[in-house]
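Trainee: Sequence and predicted model, in that order:
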Amino acid sequence: VYAATGTSSLSNLVIRQNTASSNGGGVYNAGSLTLAGATIKGNTATTKGGGAYVAGGTLTFATTASTIGGSAGNGNTAQNGGGIHIASGTCSTTVATNISYNSASTSTSHQGGGGIEVVGGSFISTAVCTLAHNTASNGYGGGITNASKTITCWGDMLVTNNTATSTGGGINNTGTLTIHGTSTITNNSTTGTSAAGGGIRNTGTLTMNGAATITGNSTSTTGGGIHNAGTLTIPNGSTLSNNTATTSGGGLYINSSSGTTTIIGTSIAGNQANGTATTNGGGGIYIEQGTVNFNTTASTIGGSGTPNTATNGGGVYLAGGTCSTNVATSVSYNTASTNGGGLYLNGGTLVVSATGTDSLKITNNTATSGGGGVYLAGGTINNTTANMSVSSNRAANGGGIYSAGTTTMTNGGVIRSNTATSNGGGLYHTTGTLTSNHVHIAHNTATSTGGGLYLNSGNLYLNSTTLNTFLPPDNIIIIYNIIRREKCI
């Protein structure tokens, strides 16, 4: 079908096994074309738009559901935009549309789009849009790639079982992508050596207004569920679960120098990061740089029976940037095979500003080596409301907190009921300088020594708290009994 100008409307067509030496294997539109109940399958374009190419005007799928591709062996193929390529104008869907089993083969940066590629104009969907089993074999965005343009989905979006060799197994967004309906991003993957974002890779602005389910995605590098290097909003009622990253950020990896990540009422559980270096980890979340805000409604990282797991930072790995918990947040039941079951702090700033008891609750996490609850390698914890609690965590050393760097904790909060199978049930400090005030250390236990606190080496300042003294380097203080000081709560 070639629609160069004017207005056309076609119904119940099957457009199949056509070939274009350049663009638009099945459909080429530069006018105003409406397709109802169309099946576009098995078409090939040498360059762009195996199924359909939008050069301008408006291409609308309306009235009756349409399919682009549809089943194995019937997909459309092109270098860019295997299913649909939008160069200019608008492509819109007002009925359920299935875009599946299409493939793109380009290796050009930020191009690909096994299902859809938008490099000009816009894509607008007002009904359910399904992108499934599409492939960007050498490029970006197995399901969809948006190259600095605009995509708006008023209906629900299902992105499942797509694959990209480069970034964004399901979605690669460098423009503005807004999803007003629910988002289901499942079982997508990236496979290349420098790929990121198994489910989603975002360097633009991605706003999800309806609850999102992001599960079962995987990446060969960082960000099993989402890799965010732009501005991202994850809405209330969302779930990031059972995603996997080969190195860091099983659920979510954040590396945004200027954008903000906003997380509202979200469960981040059952994710894993498999990197073994000390700079790898973050089964639930890895924050390299940027601003991260937990807002409005309580979020949970981990949970009984659904732990996030990593070598370091089972729940969260904070390497830089600022992470603020502005609402009650729970980091619980996560596991680290080395250090920091709940949180691994290796730079950046953690701000606890929510009010109420246990506004940041780090509880029931486990580390094989150090810091069942928290491992401190450097950085700052600004507990402005003094409502952080580290409780019921377990590790060999530092059941609650293991400190091995230079860290400042303002209003350290409560460290209670933690267990060390060796030393330092509540707090274990070795090397560097830990400075804190207003810490309540109580009811912790150690199988060997230091039920409350074990100082191996380094400098420890505890002001207006259980210990009110400066302990010089290389002194070893072993406290065998539980330390309590009710006025330090």
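Mentor: Yep, it's here. Numbers count the residues shown, from 1 in each chain.
Trainee: from what I can see L460 touches T431, true?
Mentor: No. Counting by CB atoms under 8 Å, T431 is not a contact partner of L460; they are 10.8 Å apart. The way it works is simple: take the backbone N, C-alpha and C, and place the C-beta from them, glycine included.
Trainee: Counting neighbours around each, name which of these two comes out higher.
Mentor: Under the neighbour definition other CB atoms under 10 Å, L460 and T431 were set side by side, and L460 has more, 24 against 15.
Trainee: For that one, list each beta-bridge partner.
Mentor: For L460, the beta-bridge partners are L434, L471 (DSSP bridges).
Trainee: Check what pLDDT it gets.
Mentor: pLDDT for L460: 87.
Trainee: And N411, by the same measure?
Mentor: Note for N411: predicted pLDDT of 83.
Trainee: Please apply the same query to L467.
Mentor: Reported pLDDT for L467: 37.
Trainee: what's the answer for T385, then?
Mentor: So T385 comes in at 75 (pLDDT).
Trainee: Double-check it against L360; I have them as touching.
Mentor: No. Using CB under 8 Å, T385 is not in contact with L360, being 9.1 Å away.
Trainee: joint contacts of the two?
Mentor: Listed as contacting both T385 and L360 by CB atoms under 8 Å, 6 or more residues apart in numbering are V352, A354.
Trainee: which one of the two has more residues nearby?
Mentor: The residue with more neighbours, out of T385 and L360, is L360; 25 against 17, by other CB under 10 Å.
Trainee: show me the contacts for the more buried one.
Mentor: T325, A328, T329, V331, V352, A354, N383, N387, M388, S389, G413.
Trainee: out of these, who has the most neighbours?
Mentor: Neighbour max across the contacts of L360 (other CB under 10 Å) = V331, 31 neighbours.
Trainee: Who does the helix or strand hosting that one pair with, and is each partner parallel or antiparallel?
Mentor: Following DSSP states H and E, one finds V331 within strand 329-332. The pairing partners recorded for strand 329-332 under DSSP bridges are strand 299-302 (parallel), strand 360-363 (parallel).
Trainee: Could you dump the contacts of L360 into JSON lines with distance to G73 and secondary structure added?
Mentor: Shown next, in JSON lines, are these (distance: CB to CB, whole Å; DSSP: H, G, I helix; E, B strand; the rest coil):
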{"residue": "T325", "distance to G73": "50", "secondary structure": "strand"}
{"residue": "A328", "distance to G73": "51", "secondary structure": "coil"}
{"residue": "T329", "distance to G73": "48", "secondary structure": "strand"}
{"residue": "V331", "distance to G73": "47", "secondary structure": "strand"}
{"residue": "V352", "distance to G73": "55", "secondary structure": "strand"}
{"residue": "A354", "distance to G73": "54", "secondary structure": "coil"}
{"residue": "N383", "distance to G73": "58", "secondary structure": "strand"}
{"residue": "N387", "distance to G73": "58", "secondary structure": "coil"}
{"residue": "M388", "distance to G73": "56", "secondary structure": "strand"}
{"residue": "S389", "distance to G73": "57", "secondary structure": "strand"}
{"residue": "G413", "distance to G73": "59", "secondary structure": "strand"}
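Trainee: can you redo those as CSV with distance to N397?
Mentor: Below are the contacts of L360 laid out as CSV (distance: CB to CB, whole Å):
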residue, distance to N397
T325, 26
A328, 29
T329, 26
V331, 20
V352, 24
A354, 30
N383, 23
N387, 26
M388, 21
S389, 20
G413, 20
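Trainee: and stretch 11-30, which residues are buried?
Mentor: L13, I15, N18, A20, N23, G24, G25, G26, V27, Y28, N29, A30 (16 or more other CB atoms under 10 Å).
Trainee: Same list, these, but as TSV with pLDDT, secondary structure and distance to G141 please.
Mentor: Below are the buried residues of stretch 11-30 laid out as TSV (pLDDT from 0 to 100; DSSP: H, G, I helix; E, B strand; the rest coil; distance: CB to CB, whole Å):
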residue	pLDDT	secondary structure	distance to G141
L13	95	coil	27
I15	98	strand	24
N18	98	coil	24
A20	98	strand	22
N23	98	strand	18
G24	98	coil	20
G25	98	coil	19
G26	98	coil	20
V27	98	strand	21
Y28	98	strand	22
N29	98	strand	21
A30	97	coil	24
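Trainee: Please identify which pair of these lies farthest apart.
Mentor: For the buried residues of stretch 11-30, the farthest-apart pair by CB to CB is L13 and N23; their separation is 19.3 Å.
Trainee: do you know how far the residue positioned nearest the centre of the chain is from H429?
Mentor: Nearest to the mean C-alpha position of the chain, by CA atoms, centre = their mean, lies L252 at 2.0 Å. According to CB to CB, to the nearest Å, L252 and H429 sit 30 Å apart.
Trainee: Got phi/psi on N423?
Mentor: phi -120, psi 150 (degrees, to the nearest 10).
Trainee: from what I can see it touches N444, true?
Mentor: No. Using CB under 8 Å, N423 is not in contact with N444; the gap is 11.3 Å.
Trainee: Scan this protein for its longest strand.
Mentor: Using DSSP state E, we find that the single longest strand of the chain is strand 252-264.
Trainee: Same question for it: list its buried residues.
Mentor: So strand 252-264, judged by 16+ other CB under 10 Å, has buried residues L252, Y253, I254, N255, S256, G259, T260, T261, T262, I263, I264.
Trainee: what's the average pLDDT for the host helix or strand of A396?
Mentor: Assessed by DSSP H and E, A396 sits inside strand 394-397. Taken as a whole, strand 394-397 has a mean pLDDT of 98.
Trainee: Give me the contact list for the helix or strand that it is followed by.
Mentor: Proceeding C-terminally, strand 394-397 gives way to strand 401-410 as the next helix or strand, assigned by DSSP H and E. When contacts are defined by CB under 8 Å, 6+ apart, strand 401-410 is touched by residues 339-340, 345-346, 367, 370-371, 373-384, 390, 395, 415, 424, 426-437, 439, 458, 460.
Trainee: are any of those buried, and which?
Mentor: Among the contacts of strand 401-410, those scoring as buried are 339-340, 345-346, 367, 370-371, 373-383, 390, 395, 415, 424, 426-430, 432, 434-437, 439, 458, 460 (criterion: 16+ other CB under 10 Å).
Trainee: tell me, how many neighbours does G282 end up with?
Mentor: So G282, with other CB under 10 Å, has 38 neighbours.
Trainee: In contact with it, which residues?
Mentor: S248, G249, G250, Y253, A273, A310, N312, G313, V316, Y317, Y344.
Trainee: give the contact list for the nearest residue to it once chain neighbours are set aside.
Mentor: Excluding the flanking residues, the one nearest G282 by CB to CB, 6 or more residues apart in numbering is Y317, at 3.4 Å. By CB under 8 Å, 6+ apart, the contact set of Y317 is 248-249, 273, 280-282, 285-287, 310, 340, 343-344, 346.
Trainee: ok, the residues you listed vs G237, which is closest?
Mentor: Lowest distance from G237 to the contacts of Y317 (CB to CB) belongs to I285, with 18.1 Å.
Trainee: hang on, the earlier thing: so which of the contacts of strand 401-410 sit within strands?
Mentor: Among those, DSSP E puts 339, 345-346, 367, 374-383, 390, 395, 415, 427-429, 433-437, 439, 460 in strands.
Trainee: returning to that earlier point: now for the buried residues of strand 252-264: which two are most distant?
Mentor: Largest separation among the buried residues of strand 252-264 by CB to CB: N255 and I264, giving 20.8 Å.
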